[in-house]
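[1] Fold the following and give me the result.
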Amino acid sequence: MSVDYEVNEKMEVQTQTGKLSVKFMTVLFCMGLLIYAGVLIVGRGLYERSIKEYYDMMAYDAAEIAADYFGEDRLAEYSALAMDYAEGKVGEEELAKVTEDAEYKRILNLMRDLRENMDANDVFVCTVDMDVMNAYTDASYEDKTWTPLVYIADCYEVPEDNFLLGDKGMILSEFREAVSNSFTSGKRYEEFYLADGGFGYNLTAMLPIVKDGKTVAFIGVEIPMRTLDDNLTKFVVRISLITGIVVLFNMLVASVLFYKIVIAPIKLSASEARAFVDNNTQVSEKLKTIKTGDEIQVLSESLLHMEIGINEYIDNVKRLAKEKERIGAELNIATEIQADMLPSTFPAFPDRTEFDLYATMDPAKEVGGDFYDFFLIDENHIGLVMADVSGKGVPAALFMVIAKTLIKNRALMGGTPSEVLAYANEQLCEGNGAELFVTVWFAIIDLTTGKGLAANAGHEHPVLRRAGGQYELVVYKHSPAVATMEGLRFREHEFELHPGDRIFVYTDGVAEATNARNELFGTERMLEALNKNADATPQELLPAVRKAIDRFVGAFPQFDDITMLAFDFKGKQDGGDNTPSA
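    As a prediction, the model looks like this:
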């Protein structure tokens, strides 16, 4: 068997130039966009928050100044009067006394000056009708009937739109809960009252004025957030340009560094790997130049070692392939030699009419340890041998050659089966370092009378079929196997064959043939296969039994040699006792 190992056909490296660079640039670009967008979003949010906090602080500072104009006592007095007027408890005459009062007018003028100095839309003072506030519904607000605010003073920048003392006003629905909670608790709202109205983006401060633990009024300051409106876009543009430049610069630097540190060494490793395949596995020296001091260097060194290892492996494979070819050729010769050692020409004795026989041996490997033999000891006696060497393969085959030769040569010198096996046992025990042994069934049959003498050294029970009858096992005690120990003596068993009788002997490979379910073929199935072909000739019988074994085993591999021999005794006359001897 030969192995044609061609590396260029077994190994293919497909290099797509620049694909890693494209992937990296794509990932780097996406990361840059994410950083860019993140900086814009966070920066815009922080900037907007800082502007709102600035305006909120400025609005509450103005509200506290306005609160100082009134004072708690006067503000409580004005608040009570405004609520009484709103509820119809006092008339306009009572209001007029306040609005015409010099002190009230002085405070209004101070509030107007404060509004102008603060560049505010409005500075106002109001109280909250909590009964109306608590009765709020979405429908009432949509109908414009929801007016919980009751004004005390108003300095709106459009004079004709100013609220007068006692006037009712609305509040945006989104601020209702915050205003209600602030008025009830007397604590200023910590977030922002923001609204985008007709005059632009506005921030309103609502400072609760508390007297004797009760909120009496709100001082409100509404400041237009012109800085936020005007500068936010400029800030976004400015931070976009700065962030974009920084991100692009970092991407460029990262790309150059990543290419030099990662991409270039990896591309070199990939190209050298391709060159290793294209140049008939020539080891690349350029891989030694990669000195990155990190995992990439480890990768290149591993690739270099792999190339060296592949070349060594290929050399070993080629050497082993040649060795396997040589061993295969020798095993083929050994198989032929073993096959030639076993009688394989049938009919074996065409000029003899007293008997007929047929034998087969199918080794599990190239050579086997089973063997059969048959030979004429003289004109009237024939020797039949069925044997199985322990183990398989070449060692068993060598042991088989020696055992077969010893048994046949000693049998041709004369003697009983017991004497023949005793001689073979002594010879095989000498120098048997491998501790192999052989089971043997050996019989000598008188062809004139049909009488026989057999010795069974640890082998399978033979099968006997009387003329016209069924196949049956002939069971008796065995002797130990040959070559197990020195000084053995082997029992002999007499038997007598009559014309039409048949002996079937076999090795354990028949009964112990195993299928995929780990079931054994067994002697019962063997007898069944024999009896199904009871009238077949020996040449027909053995193939039929082998087919039965193959059907049982299926595709499961053969683990043991399968050897069989069938001997028909025809005799020179009919009649005789059909009962086998013990």
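[2] Which other helices and strands does the strand or helix carrying Cys126 contact?
    Element membership for Cys126 (DSSP states H and E) is strand 122-128. Packing partners of strand 122-128 (3 or more C-beta pairs under 8 Å, 6 or more residues apart in numbering; DSSP states H and E): helix 19-70, helix 72-86, helix 102-118, strand 149-154, helix 176-185, strand 214-224. (C-beta placed from N, C-alpha, C; glycine too.)
[3] Any idea which of the ones you listed gets closest to Ala264?
    Proximity to Ala264 (C-beta to C-beta) singles out helix 19-70 among those, at 9.7 Å.
[4] and the closest one with strand 214-224, angle?
    With axes from the mean of the first three to the mean of the last three C-alpha atoms, to 10 degrees as the basis, helix 19-70 and strand 214-224 are set at 130 degrees to each other.
[5] Which other helices and strands does helix 19-70 contact?
    Judged by 3+ C-beta pairs under 8 Å, 6+ apart, helix 19-70 is in contact with helix 102-118, strand 122-128, strand 200-211, strand 214-224, helix 226-258.
[6] So what are the sheet partners of the fourth one and their directions?
    Neighbouring strands of strand 214-224 in its sheet, by DSSP bridges, are strand 122-128 (antiparallel), strand 200-211 (antiparallel).
[7] Quick check: which of those strands is buried the most?
    strand 122-128 (a mean of 26; mean count of other C-beta atoms under 10 Å).
[8] Quick one: closest of the helices and strands packed on helix 19-70 to Gly88.
    With C-beta to C-beta as the measure, strand 122-128 is the member of the helices and strands packed on helix 19-70 nearest Gly88 (15.9 Å).
[9] so for the closest one, what's the average pLDDT?
    What strand 122-128 shows for mean pLDDT is 91.
[10] 25 is where my numbering starts, stick with that
    Sure thing, new numbering starts at 25, so read that last one as strand 146-152.
[11] Quick check: what element follows it along the chain?
    helix 154-158.
[12] Outside of that next one itself, which residues are in contact with it?
    For helix 154-158, contacts defined as C-beta atoms under 8 Å, 6 or more residues apart in numbering pick out Trp170, Thr171, Pro172, Arg200, Val203, Ser204, Phe207, Thr208.
[13] Same list (those) but as TSV, adding neighbour count, pLDDT and distance to Gly417.
    What follows is the contacts of helix 154-158, written out as TSV (neighbours: other C-beta atoms under 10 Å; pLDDT from 0 to 100; distance: C-beta to C-beta, whole Å):
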residue	neighbour count	pLDDT	distance to Gly417
Trp170	21	70	105
Thr171	16	80	111
Pro172	23	87	107
Arg200	16	82	99
Val203	22	87	101
Ser204	17	86	100
Phe207	23	89	105
Thr208	14	88	102
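[14] OK, contacts around the nearest residue to Thr123 once chain neighbours are set aside?
    Distance criterion C-beta to C-beta, 6 or more residues apart in numbering; nearest residue to Thr123, sequence neighbours excluded, is Leu189 at 5.6 Å. Leu189 makes contact with Tyr102, Leu105, Ala106, Tyr109, Leu119, Val122, Thr123, Tyr175, Ile176, Ala177, according to C-beta under 8 Å, 6+ apart.
[15] The second one contacts Ala120, correct?
    No - distance between Leu105 and Ala120: 11.2 Å, which falls outside the contact criterion (C-beta atoms under 8 Å).
[16] okay, those two: which has more neighbours?
    Taking neighbours as other C-beta atoms under 10 Å, Leu105 and Ala120 compare with Leu105 leading, 19 against 11.
[17] quick one: contacts for the nearest residue to Ser503 once chain neighbours are set aside?
    Nearest residue to Ser503, sequence neighbours excluded (C-beta to C-beta, 6+ apart): Phe514, at 4.3 Å. Taking C-beta under 8 Å, 6+ apart, we find Phe514 in contact with Pro441, Ser442, Leu445, Ala446, Asn449, Ala479, Ala481, Ser503.
[18] So the fourth one, which state does it fall into?
    Spelled out, that is Ala446. helix (DSSP: H, G, I helix; E, B strand; the rest coil).
[19] gap between it and Glu516?
    11 Å (C-beta to C-beta, to the nearest Å).
[20] quick one: which of these two has more around it?
    Neighbours per residue, other C-beta under 10 Å: of Ala446 and Glu516, the larger number sits with Ala446, 21 against 18.
[21] Would you mark the buried spots in stretch 451-461?
    Within stretch 451-461, the residues scored as buried using 16 or more other C-beta atoms under 10 Å are Gln451, Leu452, Cys453, Leu460, Phe461.
[22] Restricted to helices, list those.
    Residues of the buried residues of stretch 451-461 located in helices (DSSP state H): Gln451, Leu452, Cys453.
[23] Format the buried residues of stretch 451-461 as TSV; extra columns: distance to Val569.
    Formatted as TSV, those follow (distance: C-beta to C-beta, whole Å):
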residue	distance to Val569
Gln451	33
Leu452	30
Cys453	34
Leu460	28
Phe461	26
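[24] Tell me the one of those residues nearest Leu400?
    Distance to Leu400 across these (C-beta to C-beta) is lowest for Gln451, with 23.0 Å.
[25] Leaving out the residues flanking it, which one is nearest to the closest one?
    Closest to Gln451 by C-beta to C-beta, 6+ apart is Leu430, at 5.3 Å.
[26] Burial check on that neighbour, number of neighbours?
    20.
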